[in-house]
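>>> okay, here's the prediction I keep looking at, along with the sequence it came from:
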Amino acid sequence: MKVYEKAPAKINLLLDVMRKRDDGFHEVEMIMTMVDLADRLEMEELPRDTIIISSQAGYIPLDEKNLAFQAAKLIKDRYDVSRGVYIHLDKKIPVAAGLAGGSSDAAAALRGLNRLWELGISEDELCTLGAELGSDVPFCVTGGTAIARGRGEKLEPIGNPPQCWVVLAKPPINVSTADVYGKFRASELKHHPSTPAMLSAIERGSFADVCANLGNVLETVTLHAYPEVLQLKDIMYRLGADGVLMSGSGPTVFGLVGKEAKVSRIYNGLRGFCKEVYVVRMLT
Ligand code: ATP
């Protein structure tokens, strides 16, 4: 038997960090939504008690370091599953990009293996398992649009933002999330984005106010370390995007665009600057 799952990329419309906790994690407040740039997982049962991962992408680990492998191992151990699985990852989401590609693969593996092995695990329990794999995994299990607190695992679903075009551009650098958080100093922040203002904008369906209230405090670290990300933001603004923000710890920058007529100009303009540019829709 085979099952398939899509693993969409996430973007942060807002990412605020309150403080570093005693356990080493950061206390965050994030508003996240999914876009229709997605990896695809094919999961096939194996008669042997083993986990095998393959992918066309040569640049990700295919062993126990792969987050989909870790998800399969966790669910097997926790639910005493003695059957094996072959997981093929068709990677479309750029890696180490701030788009939670690995976390979304892990979440898709949890959802898919729950079906493949008919375990009947609730979504809440899948989220709890996911939190053991990474802070973004619980959100990737549920999808939709949500506000995430704690270290990212405390989720509250909210309504979807107004539909628009999303242009994603990833400069040719890989950014480590751990490094960015390591360099981040909450006490030095002069400005926090307003979560209530963003929630209100989403609730009212005001595209202009969503754009006006985009905010990500990790930009203070990544834009300083990688001036090309700042440059990319400027270019996206100048090309006419209505709102521009770095996603997660970067380096991907996304632009929200209300009018379809502007999209190709922005896409073509960005392609002169970086190779990885995607035009997608929000998954609403
Ligand atoms: P986040 O936004 O959650 O911090 P990211 O988009 O910045 O994630 P990922 O693409 O998830 O970063 O990759 C982070 C690291 O995880 C990379 O170094 C990569 O080698 C490793 N990794 C493990 N499993 C996967 C996977 N299935 N897909 C992509 N990367 C993976």
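Received it, and whenever you're ready, just let me know what you need. Residues are numbered from 1 along each chain as shown.
>>> quick one: average pLDDT of the strand ranked longest in the chain?
Secondary structure of the chain read by DSSP state E shows that its longest strand is strand 26-46. Strand 26-46 carries an average pLDDT of 97.
>>> anything in it near the ligand?
No. Under the criterion of Cβ under 6 Å from any ligand atom, the ligand is not reached by strand 26-46; the shortest gap measures 7.2 Å. (C-beta placed from N, C-alpha, C; glycine too.)
>>> now do whatever helix or strand comes next after that strand against strand 26-46, angle only.
Beyond strand 26-46 in the direction of the C-terminus, DSSP states H and E gives the next helix or strand as strand 51-55. For the pair strand 51-55 and strand 26-46, the angle between their directions (axes from the mean of the first three to the mean of the last three Cα atoms, to 10 degrees) equals 100 degrees.
>>> can you name the residue of this structure nearest the ligand?
Of the residues in the chain, the one nearest the ligand is Gly102, at a distance of 2.7 Å by Cβ to the nearest ligand atom.
>>> doesn't that residue belong to a helix?
Yes. Using DSSP: H, G, I helix; E, B strand; the rest coil, the secondary structure at Gly102 is a helix.
>>> now the residue nearest to it when sequence neighbours are not counted: how far from Lys10?
What sits nearest to Gly102 in space, not counting adjacent residues and going by Cβ to Cβ, 6 or more residues apart in numbering, is Leu67, at 4.2 Å. Using Cβ to Cβ, to the nearest Å, one obtains 14 Å as the distance from Leu67 to Lys10.
>>> related to what we said a few turns ago, show me what contacts the residue nearest to Gly102?
Under the criterion of Cβ atoms under 8 Å, 6 or more residues apart in numbering, the contact list for Leu67 reads Gly102, Ser103, Asp105, Ala106, Ala109, Leu133, Gly134, Val137.
>>> which residues of the protein lie near the ligand?
Taking Cβ under 6 Å from any ligand atom as the criterion, the neighbours of the ligand within the chain are 60-61, 65-68, 89, 95-103, 105, 136, 177, 248-249.
>>> out of the residues you listed, which are buried?
Neighbour-count burial (16 or more other Cβ atoms under 10 Å) is assigned, among these, to 60, 66-68, 89, 96-103, 105, 136, 177, 248-249.
>>> which of the residues you listed fall within helices?
Secondary structure defined by DSSP state H assigns Leu67, Ala68, Gly101, Gly102, Ser103, Asp105, Thr177 of those to helices.
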